[in-house]
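Chemist: here is the input, now give the coordinates:
(one chain, ligands or ions: 1)
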Amino acid sequence: MKILHNFSLKNKHSFKVDVKAKCFILISKIEDIVKVLQNKKYNNNLLVLGSGTNTLFTKDYPGTILQIATKGIAVVDQDEKEITVEIQAGESWSGFVAWAVNNGFSGVENMALIPGTVGAGAIQNIAAYGENFEDVFVSLEVIEMASGKTISFDKKACKFGYRESIFKKDYRNRFIITKVNLRLAKNDEINTSYHSRYGSLEDELAKISNPPYNIRDASKAVTLIRERKFPDWEKIGTAGSFFLNPVITKKELVGIQKKVPNIQFYPIDKLSYPKPDDPKFIYSDYVKIPAGWLLEELGWKGKWIGKVGTSPNQSLVVMTQKGATAQEILKFAEKMKLDVKKAYSIDLTPEVNII
Ligand SMILES: Cc1cc2nc3c(=O)[nH]c(=O)nc-3n(C[C@H](O)[C@H](O)[C@H](O)COP(=O)(O)OP(=O)(O)OC[C@H]3O[C@@H](n4cnc5c(N)ncnc54)[C@H](O)[C@@H]3O)c2cc1C
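Modeler: Numbers count the residues shown, from 1 in each chain. Take a look at the predicted model:
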């Protein structure tokens, strides 16, 4: 286990801002996590990192960063119809999706090419084109930072929501995810129930194949769309969508529709959203609307201020040119937020972890 001091984080988060960590440790064996937790010199002010594709470091980090890079995919259970797979937290998510698709296991094909690690996928409850991490989730294993103990969490205990889990809120910085168990179906078929909501996917499928489509078609179609829609994060500073899509009441939606008549909206009942404190809360009273659409209406698509801008294809995707500072990125995002607040009285919340 190598412990690096005063280590540049430039290549460790996808915004590539050049700040430093006091200590940086690459974890390739689970046993090394326990060793770090037992070492008083390194075990305070710990921050766990996957691939850094949902993280923006804004200043030097005064503690120890543990980058989880453990690898491995193992089949742990199966019957005629389904298979359970145990994946090490440091595995690449898109690598895992490719493995599943190549082996004919369905359930994650629409989440092809989402950057990052499997462990962070659980933290964020990643999702794309109607498929959510939680839909295939069985359980995960963590190491508690304070005690070094290994604990298991089932689906209910993870409290998944829209880009959310208990590890982002109540249990923030308490546990290190080491392994994740997912259950996939042993068939080639794709779930088409969400397709009418994702016209771009239907169009792409029609371009590349003929019905009935299979999981290889779906993952290829999603890959092609994503390659056009997102900048290449390995070359360009970005973390994908900078803000979450807002969840609003249907009453609020009517107000927005007066200003943006064609705005798309999606039901939120498919996901187990954490309920607000309202005792009369009913899922069907709420909808999710695309933040990118609101921003585009306000002229934010392909807009640049100095070295920070948005994608010409999607105004929610903030991008940077070489040398952009964290302050420039934050200032840019604050302007976007302010514009949306002024025009629609909606508070945008960052999806990116700002450290
Ligand atoms: C171009 C682009 C497109 C994207 N598209 C999508 C998309 O379609 N859908 C989507 O949902 N997301 C998308 N994202 C966001 C990103 O891919 C996901 O959030 C992904 O899960 C981040 O993984 P990571 O390993 O890079 O996380 P990191 O940024 O390294 O970490 C994210 C958070 O998880 C914590 N964490 C990471 N690993 C562990 C662990 N093992 N134990 C405990 N805590 C941990 C970190 O402390 C941090 O708080 C996109 C990002 C980019 C750059």
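Chemist: burial of Glu204, as a residue count?
Modeler: Neighbour count for Glu204, taken as other Cβ atoms under 10 Å: 20. Every C-beta, even on glycine, is put in place using the N, C-alpha and C of the backbone.
Chemist: residue ranges for the helices of the protein, please.
Modeler: Assignment of helices within the chain using DSSP state H yields the ranges 30-38, 93-102, 118-124, 133-136, 155-158, 199-208, 215-229, 250-259, 291-297, 326-344.
Chemist: hmm, who's touching the last one?
Modeler: When you say that, I think you mean helix 326-344. With Cβ atoms under 8 Å, 6 or more residues apart in numbering as the test, helix 326-344 has contacts from 15, 17, 19, 56-59, 237, 242-243, 255-256, 259, 291, 294-295, 297-298, 300, 305-310, 318, 320, 346-348, 350, 354.
Chemist: one more: the third one?
Modeler: Identification of contacts with helix 118-124 by Cβ under 8 Å, 6+ apart yields 50-51, 53-54, 68, 87-93, 96, 114, 116, 126, 133, 137, 140, 158, 163-165, 167-168, 177-178, 180.
Chemist: in strands only, show me those residues.
Modeler: 68, 87-88, 137, 140, 177-178, 180 (DSSP state E).
Chemist: identify whichever of the helices of the chain lies nearest to the ligand.
Modeler: helix 118-124 (2.9 Å; Cβ to the nearest ligand atom).
Chemist: hey, C-alpha coordinates of that closest one in CSV?
Modeler: Written as CSV, here are the backbone C-alpha positions of helix 118-124 (Å, rounded to 0.1, in the frame of the first residue of the first chain):
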residue,chain,number,x,y,z
VAL,A,118,-19.8,0.4,-8.8
GLY,A,119,-19.5,1.6,-5.1
ALA,A,120,-20.3,5.2,-6.0
GLY,A,121,-23.2,3.9,-8.2
ALA,A,122,-24.8,2.7,-4.9
ILE,A,123,-24.2,6.0,-3.2
GLN,A,124,-25.7,8.0,-6.0
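Chemist: relative to the ligand, how far out is the closest residue to Ile151 other than its chain neighbours?
Modeler: The shortest distance from Ile151 to any non-neighbouring residue, by Cβ to Cβ, 6 or more residues apart in numbering, is to Val142 (5.5 Å). Distance from Val142 to the ligand, counting by Cβ to the nearest ligand atom, to the nearest Å: 7 Å.
Chemist: just checking, Val142 touches Ile166?
Modeler: No: with contact defined as Cβ atoms under 8 Å, Val142 and Ile166 do not form a contacting pair (10.7 Å).
Chemist: what residues do the two have in common as contacts?
Modeler: With Cβ under 8 Å, 6+ apart as the test, Val142 and Ile166 both reach Phe153.
Chemist: of those two, who's got more company?
Modeler: Remark: of Val142 and Ile166, Val142 carries more neighbours, 21 against 18, as counted by other Cβ under 10 Å.
Chemist: spatially nearest residue to the most centrally placed residue in the chain, not counting backbone neighbours?
Modeler: The residue lying closest to the centre of the chain (Cα atoms, centre = their mean) is Ile126, at 4.2 Å. Spatial nearest neighbour of Ile126, excluding adjacent residues (Cβ to Cβ, 6+ apart): Phe133 at 5.0 Å.
Chemist: for the stretch 251-355 of the chain, which residue gets nearest to the ligand?
Modeler: Counting by Cβ to the nearest ligand atom, the stretch 251-355 of the chain gets nearest the ligand through Asn353, at 4.3 Å.
Chemist: and that residue, what's its pLDDT?
Modeler: Reported pLDDT at Asn353 in the predicted model: 95.
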